[in-house]
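Q: I would like to see how this sequence folds:
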Amino acid sequence: MTDHLTIVTHPLVQHKLTLMRDKNTSTGEFRALLREISALLAYEVTRELELTTRAIETPMQEMDAPVLKGKKLALVSILRAGNGLLDGVLELIPSARVGFIGLYRDEATLKPVQYYCKLPEGLEDRLVIVVDPMLATGNSSAAAVDLLKAAGATNIRFMCLLAAPEGVARMAEAHPDVPIVTAALDKRLNDKGYILPGLGDAGDRMFGTK
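A: Numbers count the residues shown, from 1 in each chain. Predicted structure coming up:
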């Protein structure tokens with residue numbers, strides 16, 4: 001664990017991740033597990049949210065009680081697989097604003113190609129949490145953060161299910177100010193840019209498209 005990378009070693013996270021890695025886990029089970037594990041990861045990625053207080057009245061007496069400070073958070077999903085993480089985080093933070101960045105990886109160059117971008121307003125005043133299950137080469141993730149910074153975001157965190165050392169290094173080089181929260185740091189990438197041992201293509205397993 002470093003200031004740039006946090007690996008969530010909670011037993012429930014690790015158990016659910018093992019079930020997701022298993023190639024025999026069904027599409028429905030995979031989707032449910034992804035929703036559950038994303039909510040657990042969200043606890044870690046939001047651990048240092050700023051608080052203020054407001055006056056409330058309990059059934060017993062008045063008090064100054066802690067509440068979140070500032071504008072609503074922004075969650076940004078990197079399509080399409082990011083939507084699986086998005087659902088779980090929204091259960092925890094239902095008032096968050098939501099944006100989408102559409103990127104696909106050119107299979108020949110492994111470079112990201114953008115096809116969609118719709119972001120909430122006022123990103124400069126919000127904590128922005130980017131969600132994508134896999135941090136593989138890091139090229140798509142770095143490109144997504146580039147877009148967010150161009151839109152004014154200054155406080156960004158990246159949440160993923162699995163990370164490869166190559167992707168962590170790419171993000172640290174391109175965006176050293178963006179902390180990464182993940183459930184596991186795997187061994188390496190194969191020659192097609194997939195994480196090993198990994199869990200396969202998260203989007204395909206989530207949506208049953210392969």
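Q: can you tell me the closest non-neighbouring residue to Pro120?
A: Among residues not flanking Pro120 along the chain, Arg97 sits closest, at 3.7 Å (Cβ to Cβ, 6 or more residues apart in numbering). All C-beta spots, glycine's among them, are computed from the backbone N, C-alpha and C.
Q: how many residues are close by the one you found?
A: For Arg97, the count of nearby residues is 18 (other Cβ atoms under 10 Å).
Q: just list whatever residues bridge to it.
A: Ala74 (DSSP bridges).
Q: my read is that it contacts Val76, right?
A: No: between Arg97 and Val76 there is no contact under Cβ atoms under 8 Å: 9.2 Å.
Q: now Thr18: which helix or strand?
A: If you go by DSSP states H and E, Thr18 is part of helix 11-21.
Q: hmm, who's touching the following helix or strand past that helix?
A: Later in the chain than helix 11-21, the nearest helix or strand by DSSP H and E is helix 27-45. For helix 27-45, the external contacting residues (Cβ atoms under 8 Å, 6 or more residues apart in numbering) are 6, 8, 10, 12-13, 16-17, 19-20, 25, 84-89, 91-93, 129, 131, 133, 157, 159, 161, 181-183, 202, 205-208.
Q: now stretch 186-204
A: With contact meaning Cβ under 8 Å, 6+ apart, stretch 186-204 is reached by 20-21, 23, 34, 80-81, 84, 105, 107, 110, 133-134, 136-137, 161-167, 205, 209-210.
Q: what is the mean pLDDT for that stretch?
A: For stretch 186-204, mean pLDDT is 89.
Q: what about Pro94, neighbour count?
A: 7.
Q: in terms of helix, strand or coil, where does it fall?
A: coil (DSSP: H, G, I helix; E, B strand; the rest coil).
Q: can you pull the contacts of it?
A: Pro94 neighbours (Cβ under 8 Å, 6+ apart): none.
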